[in-house]
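Colleague: when you get a sec, could you give me coordinates for this:
(one chain, ligands or ions: 6)
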Amino acid sequence: MNHPFFLLLFLILLFFNGEAAVMPMNTGTLEHIDPTLPSARAGQEPKCSVLVLRHEFANTLGHPPATANFSQPEECPHPWSRVVLELAVSATDIQKSRMAAVWIDGAEILRMSTPVPMAPGAFWRVEKDVTRYEALLLRLSSVNGGALSMMLENSNKTLPGVYHANVTLHFYRGVFADARQGYTAHPSVKGLYSQPANLIYPISQDCYGNGFWFRINNESHVPVSSIAIPKNTYRAVLEIFASHHSDDEFWYTKPFRSTFSQNKAGNHMTTIKGNGAFRQLYATIDGKFVGGHIPFAVIYPGAINPYFWSPVAAIGAFDIPSYDLDITPFLGMLLDGQLHEVGLGVREATSHWLVSANLHLWIDPISDNVEAGLSVYRAPRLRIHRHAEWHDENGSSDVSTDGIVRFAGWVLSSKGNLTTTVRMKVRFRSKVEMHEHGSAKTVEMIHKSRTTLGVRRGVRSMGHSDMFVEAPFHLQTMSVPAPAGGVYEKTRLTHQLKEWVYVDNREMSGTSAVTDRQEVEGSALLHGGEPVWGSGSMKSSYKYRDAEECHIRVVNTEAGVVKFDATSRSCSAVADV
Ligand SMILES: *[C@@H]1O[C@H](CO)[C@@H](O)[C@H](O)[C@H]1NC(C)=O
Ligand SMILES: *[C@@H]1O[C@H](CO)[C@@H](O)[C@H](O)[C@H]1NC(C)=O
Ligand SMILES: *[C@@H]1O[C@H](CO)[C@@H](O)[C@H](O)[C@H]1NC(C)=O
Ligand SMILES: *[C@@H]1O[C@H](CO)[C@@H](O)[C@H](O)[C@H]1NC(C)=O
Ligand SMILES: *[C@@H]1O[C@H](CO)[C@@H](O)[C@H](O)[C@H]1NC(C)=O
Ligand SMILES: *[C@@H]1O[C@H](CO)[C@@H](O)[C@H](O)[C@H]1NC(C)=O
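Modeller: Numbers count the residues shown, from 1 in each chain. Ligands and ions are numbered 1, 2, ... in the order given. The predicted structure is shown next:
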C-alpha cells in the first residue's frame, strides 16, 4: 500500500464502516438526459402528435411486449417531412437499468438501456427521428392496421421501481427549418439514404424474452430469417441493431489470454474469460458474408459506476446506434422471388447478444422486373492479431485488426443500369494492462472505420458518400478490498463517438459531423460486483455541424447534479468539429 491513492482510499474508507448495504438515494437531478441534437428546432411545431402507447411496466420479465393499435389521424396525412418518436418514461422508485425496445409490426425502431432510477420520480425522454421508417408508419395507418409494441423487462420484486412509459409519434409537414441530411439519429449521423425505403422487413424472431430479436451465444451461432423480396427491388440496405449482455456486457474491456491460467491445484480455470475486446456485427445472405461493422461500445447506465451516468446518459445508451450495410450489390442473389436466408452474426461473441435487423427495400415504381449481378466481391475475413504476456494477474494483451472489403454490383431497373460500389475499411486496436495483481487495470481501445459508397451509370458518377467513424475509449481502474467487505474502486474513463459524413448525389450534397465526448471520473464501493455506494463527475460535450447549422452542448455534472449546461448555435469558437 505504498501508492498515494491507496493511502487516500484507506482514509476515506475509515468513514465507511460498511454501512452501505443498499443503493442510497441520490438527491440529484431527477431528470436523466442525453444532451444531443434536438429532434426539431425549437418553435417548429408538429402538425399532429399521437400518444400511441401508454403502459406500466411492473413485473414484465418474460412477458410479451405491450402492444397498441394505431390509426393515423385524418388531419395529418402522408407525406410527412419528418416523424419523431418520443418515449417518455418515469420511475416510481429506485430500480435497476433495464433494456427497452420499440417495434412496429416486429421491426425494431428504437433500442435503449434505461437510466438507473436512483430516487422516486426519476424520469427521462428519448426523441428519435424515425422518418426513415416511413414504410412501417404507413402500415400503421393502413386499412389493415399495424401494431406498435414496446418491451421493458422489469421486476419490482427486489427493487420497488415501476416504469410508466408513453410512446408518442410527432408528425411534421411542410418545409423544415433545418436542412439536416437525411435522418440524423442521436447521436449518429445517418445521412446516406435521403429517400425512405418503400418496404421494411424485420430480420428477427419472436424469441428471447418474447422480444423480436435473436439471441446470439457464440461466434458460430448465426441465426437466419427466410425472406422473399419483390422482384423489382432496386436498392437494399440492412440495418442491424445489437446490444451486449451477460458475459459480453463488458466486451470492450476484455483482455486476451492465450492460455487460461491454472489454479493452485493445476486445474484449468474456466472463470477467466479472455477472448479480447474485438467484436464484429455482420450479415450473411445464403451463407455469404455481405458486410460488417465493429459496434460502438455503449456503456449501460448500471455499468462500471452507475453514478457516472446520472443524470447524463452514456453515449448511445438512450438510442443504441444501429449499423447500415448497403447490400444493393447482392441483389442478384435475391431477385428470383424465392426465399433466401439472411443471417446475423457477432464475431468473437460470448453469451449473449440480442440482435435484429431491418431490411430496407426500394421498389421500382415502373418496372416489374429488375435484373442484377454481383461484379466485385473481395471480402477477406478480418485477421485478428493477438499478443499477450501474463504472469498470473499481471500483464498485458493486445488485440488488433485492420482490413478492407469491397463489393460492387449492377442493377438494371427503370433508372438504367446502375453499378453500386461499397468499400469498407476498418482499423481496430485494444490494449489491456493489469498491474498490482490485477487490481490496477488500463484499457485503451481505438476503432476507426471508413465506408465509401458510389453509384455510377457506365463511367458517370450518379452519387457518392463517405462516412468516417472514430471511437476511442480509455479506462483506468484501481481497486482495493474495503476493510468492511467488498471492493473499493476508483475509475477514470474517456470515450468518444465521432462521425463524419460526406454526401453528394442528386438530392443533396454536403458534409455533416458529430463529435460526442465524455470524460468521467469517480469511485464506487462494490459488494458482489454490485455498486452499493458511489460518486462521480462528468464533462460531456456534443457538437453537430453541417453547412447550415451548428449545435454545441456542454454539460458537466458532479455527484448526480448538473453543474454546468450551455448550448451554443455558433461553431466559430470551436475549431475541431
Ligand atoms: C388490435 O386490432 C386487432 C385487429 O383489429 C385486434 O384483434 C386486437 O385486439 C387489437 N389490439 C389492441 C391492443 O387493441
Ligand atoms: C403519459 O401521458 C399521460 C397523459 O397525457 C400523462 O398524464 C402522464 O404523465 C404521461 N407519463 C409520462 C411518463 O410522461
Ligand atoms: C409491483 O407493481 C405492481 C403494479 O404497480 C403492484 O401491484 C405490486 O404490488 C408491486 N409488487 C411489489 C412486490 O411491490
Ligand atoms: C453456440 O451457440 C449455439 C446456440 O445456443 C449452441 O447450440 C452451440 O452449441 C454453441 N456452440 C459452441 C461452440 O459453444
Ligand atoms: C450492366 O452494367 C454492367 C457493368 O457496366 C454490365 O457488366 C452488365 O452486363 C450490364 N447489365 C445488363 C443487363 O446489361
Ligand atoms: C505483479 O506486480 C506486483 C506489483 O505491481 C508485484 O509485486 C508482483 O510480484 C507481480 N507478480 C507477478 C507474478 O509478477
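
Colleague: now do the same for A177: its pLDDT.
Modeller: Looking at A177, its pLDDT stands at 64.

Colleague: run through the strands of the stretch 401-550 of the chain in chain order.
Modeller: For the stretch 401-550 of the chain, applying DSSP state E, counting those that start in this stretch gives strands covering 416-435, 440-457, 460-481, 487-505, 509-527, 530-546, 550-558.

Colleague: closest one to ligand 2 among these?
Modeller: strand 550-558 (21.9 Å; Cβ to the nearest ligand atom). C-beta here means a position set from N, CA and C on the backbone, and glycine is covered the same way.

Colleague: show residues contacting the closest one.
Modeller: Residues outside strand 550-558 that contact it (Cβ atoms under 8 Å, 6 or more residues apart in numbering): 28-29, 33, 35-38, 310-312, 537-545, 562-571, 574, 577.

Colleague: among those residues, name the ones in helices.
Modeller: Among those, no member falls in helices (DSSP state H).

Colleague: if any of those residues are buried, give me the ChimeraX selection for them.
Modeller: A single ChimeraX command selects the buried members of these (16 or more other Cβ atoms under 10 Å):
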select :28,29,33,35,36,37,38,310,311,312,537,538,539,540,541,542,543,544,545,562,571
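
Colleague: pLDDT below threshold where in this structure?
Modeller: The chain contains residues with pLDDT under 70 at 1-28, 42, 141-145, 177-193, 207-209, 258-273, 573-577.

Colleague: need the residues of it near ligand 6, please.
Modeller: Within reach of ligand 6 by Cβ under 6 Å from any ligand atom, the chain has these residues: H391, D392, N394, H435, E436, H437.

Colleague: reformat those residues as a markdown table; add distance to K128.
Modeller: Formatted as a markdown table, the residues of the chain next to ligand 6 follow (distance: Cβ to Cβ, whole Å):
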| residue | distance to K128 |
| --- | --- |
| H391 | 48 |
| D392 | 47 |
| N394 | 45 |
| H435 | 42 |
| E436 | 43 |
| H437 | 45 |
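
Colleague: show me which of those is closest to P223.
Modeller: Of all the residues of the chain next to ligand 6, D392 has the smallest distance to P223: 38.5 Å, by Cβ to Cβ.

Colleague: which residues of the chain lie near ligand 4?
Modeller: For the chain, the contact set with ligand 4 under Cβ under 6 Å from any ligand atom comprises N217, N218, S220, H221.

Colleague: adjacent strands (with direction) for the helix or strand that contains Y201?
Modeller: Remark: Y201 resides in strand 199-203, with elements defined by DSSP states H and E. Each strand paired with strand 199-203, and its direction, by DSSP bridges: strand 353-363 (antiparallel).

Colleague: check the stretch 201-350 of the chain for the residue nearest ligand 5 and tell me.
Modeller: G332 (10.2 Å).

Colleague: tell me which residue in the chain sits closest to ligand 1.
Modeller: Counting by Cβ to the nearest ligand atom, the chain gets nearest to ligand 1 through N69 (3.6 Å).

Colleague: and the gap between that residue and ligand 6?
Modeller: For N69, the distance to ligand 6 (Cβ to the nearest ligand atom, to the nearest Å) stands at 62 Å.

Colleague: that residue against A147, yeah?
Modeller: Yes: counting by Cβ atoms under 8 Å, N69 does reach A147; the two are 5.9 Å apart.

Colleague: more neighbours, these two?
Modeller: Using other Cβ atoms under 10 Å as the criterion, N69 and A147 rank with A147 on top: 17 against 11.

Colleague: which ones are touching the more buried one?
Modeller: T67, A68, N69, F70, I104, D105, L140.

Colleague: the first one: which element?
Modeller: When secondary structure is defined using DSSP H and E, the element that contains T67 is strand 66-69.

Colleague: could you point out which element follows that strand?
Modeller: Assigned by DSSP H and E, the successor of strand 66-69 is strand 82-91.

Colleague: tell me what that next one is packed against?
Modeller: strand 99-104, strand 107-113, strand 123-129, strand 163-172 (3 or more Cβ pairs under 8 Å, 6 or more residues apart in numbering; DSSP states H and E).

Colleague: can you name the residue of the stretch 151-300 of the chain nearest to ligand 2?
Modeller: Nearest residue of the stretch 151-300 of the chain to ligand 2: N166, at 3.7 Å (Cβ to the nearest ligand atom).

Colleague: what distance do you get for the closest residue to that residue other than its chain neighbours to W124?
Modeller: For N166, ignoring the flanking residues on the chain, the nearest one in space by Cβ to Cβ, 6 or more residues apart in numbering is A88 at 4.6 Å. The spacing between A88 and W124, counted by Cβ to Cβ, to the nearest Å, is 8 Å.

Colleague: between these two, which has more neighbouring residues?
Modeller: Between A88 and W124, W124 has the larger neighbour count (other Cβ under 10 Å), namely 21 against 16.

Colleague: for the more buried one, give me its contacts.
Modeller: W124 makes contact with E31, H32, I33, D34, A88, V89, T114, P115, A313, F318, according to Cβ under 8 Å, 6+ apart.

Colleague: also S155?
Modeller: Residues near S155 by Cβ under 8 Å, 6+ apart: N59, T60, L61.

Colleague: can you pick the most crowded of these?
Modeller: Using other Cβ under 10 Å as the neighbour criterion, T60 leads the contacts of S155 with 22 neighbours.
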